[in-house]
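Visitor: whatever this is, show me its structure:
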Amino acid sequence: MKKKLKSVSYAKWGYVFILPFFLCYFIFSLIPLVDTVRYSFFEYYRSGIKEIGPNFIGMENYASLLESDMLKYTGNTMILWLIGFVPQIVVALLLANWFTDIRLKLRGKQFFKVVIYLPNLIMASAFAMLFFALFSTNGPINSILTSIGVIAKPIDFMGTVLGTRSLIGLMNFLMWFGNTTIMLMAAIMGISPDIFEACELDGCSSFKRFFYITLPLIRPILAYTLITSIIGGLQMFDVPQILTNGQGNPDRTSMTLIMFLNSHLKSKNYGMAGALSVYLFIVSAILCFIVYRMTNSEDADGSKAAKKKMKKAKRGR
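Guide: Numbers count the residues shown, from 1 in each chain. Next up, the predicted model:
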């Protein structure tokens, strides 16, 4: 009789290999997350050397935050995010389209890719210190502008609302547009060249090619870019913290939600910090869901939308 061969299953090793990740996630992410939500329902802070709580107070922390300047700081955060993100996505789309267009025959593409990505490698704290030194009242920017006669006296860039917000937006733009450009380039290079060839044969202009072919087909990556940018914008902290010395000056117009959260952690008010963290989570989830629904539909890859727009383009010619 033939001996029956015993089948060997390797499925268990998959679980063994992913077990360390789930253990780390459970210990360092899930437990702190649950603890943060739990503390948001408690009065728990320090007054001098005396520790108050934890005493269960229900939704009082959430109500107190709504009565505070939280909504003002939310507006500050969104304004600072828009100032940095709008130029970032526009420039990244233009550069990605130019670098991937074989008709332009650009030279030194690899060099330019490295150059535009370099600011992303610099720590945000170092970048903020650099801008603080460059744009201070006695800094080199004011010295150059004064010496060539553009201005009569030094400009206090960080003493005005427009100046401070513009500097924060400029820093966020410079730090992240390279990363966004590389991602969008990868998305465009993933489009089949046959589509672009067909577009050329049909006589589409560069404008129509970009808006009717490229943009619909890179929609999933655009959605990812928007969602990660929203999350990063709501977590904006290091640049305004260093540039304004943690005060959000002038008149707290540069104070972000995470800076507000940090002030509660400094004062050991863990209940309010937990409630603010929950608010941040809810706002992030709502905004990301809206972006996801706007940029994704049954036509996940954008091919149906591209075909419709191509037909409209042909009729318009």
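
Visitor: what stretches of the protein score poorly on pLDDT?
Guide: 1-8, 297-317 (pLDDT under 70).

Visitor: now the nearest residue to residue 246 once chain neighbours are set aside: which helix or strand?
Guide: Excluding the flanking residues, the one nearest residue 246 by Cβ to Cβ, 6 or more residues apart in numbering is residue 259, at 6.8 Å. C-beta here means a position set from N, CA and C on the backbone, and glycine is covered the same way. Taking DSSP states H and E as the criterion, residue 259 maps to helix 257-266.

Visitor: now do the contacts for residue 41.
Guide: When contacts are counted by Cβ atoms under 8 Å, 6 or more residues apart in numbering, residue 41 is found next to 56-59, 61, 271.

Visitor: is it possible to export the residues you listed to JSON lines including distance to residue 67, secondary structure and neighbour count?
Guide: Putting the contacts of residue 41 into JSON lines (distance: Cβ to Cβ, whole Å; DSSP: H, G, I helix; E, B strand; the rest coil; neighbours: other Cβ atoms under 10 Å) gives the following:
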{"residue": "56", "distance to residue 67": "20", "secondary structure": "strand", "neighbour count": "12"}
{"residue": "57", "distance to residue 67": "15", "secondary structure": "coil", "neighbour count": "16"}
{"residue": "58", "distance to residue 67": "15", "secondary structure": "coil", "neighbour count": "10"}
{"residue": "59", "distance to residue 67": "12", "secondary structure": "coil", "neighbour count": "10"}
{"residue": "61", "distance to residue 67": "11", "secondary structure": "helix", "neighbour count": "25"}
{"residue": "271", "distance to residue 67": "15", "secondary structure": "helix", "neighbour count": "25"}
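
Visitor: in stretch 89-107, what's buried?
Guide: Of all the residues in stretch 89-107, those buried under the rule 16 or more other Cβ atoms under 10 Å are 89, 91-93, 95-97, 99-101.

Visitor: stretch 58-77: end-to-end distance?
Guide: Counting by Cα to Cα, to the nearest Å, you get 28 Å between the two ends of stretch 58-77.

Visitor: contacting residues around that stretch?
Guide: Contact with stretch 58-77 is made by 40-43, 233-234, 236, 248, 252-257, 259-260, 271-272, 274-276, 278-279, 283, as judged by Cβ under 8 Å, 6+ apart.

Visitor: in helices, which of the residues you listed fall?
Guide: 233-234, 257, 259-260, 271-272, 274-276, 278-279, 283 (DSSP state H).

Visitor: for the residues you listed, which one is nearest residue 140?
Guide: Nearest to residue 140, judged by Cβ to Cβ, of these is residue 259 at 27.7 Å.

Visitor: circling back to that earlier point, which outside residues touch the helix holding residue 259?
Guide: Residues from elsewhere that reach helix 257-266, judged by Cβ under 8 Å, 6+ apart: 69-70, 73-74, 77, 234-237, 240-241, 246, 248, 270, 272-273, 276-277, 280.

Visitor: got the buried residues for it?
Guide: 257-261, 263-264.

Visitor: would you list the residues you listed in JSON lines and tack on distance to residue 122?
Guide: Output for those, formatted as JSON lines (distance: Cβ to Cβ, whole Å):
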{"residue": "257", "distance to residue 122": "24"}
{"residue": "258", "distance to residue 122": "20"}
{"residue": "259", "distance to residue 122": "21"}
{"residue": "260", "distance to residue 122": "26"}
{"residue": "261", "distance to residue 122": "25"}
{"residue": "263", "distance to residue 122": "27"}
{"residue": "264", "distance to residue 122": "29"}
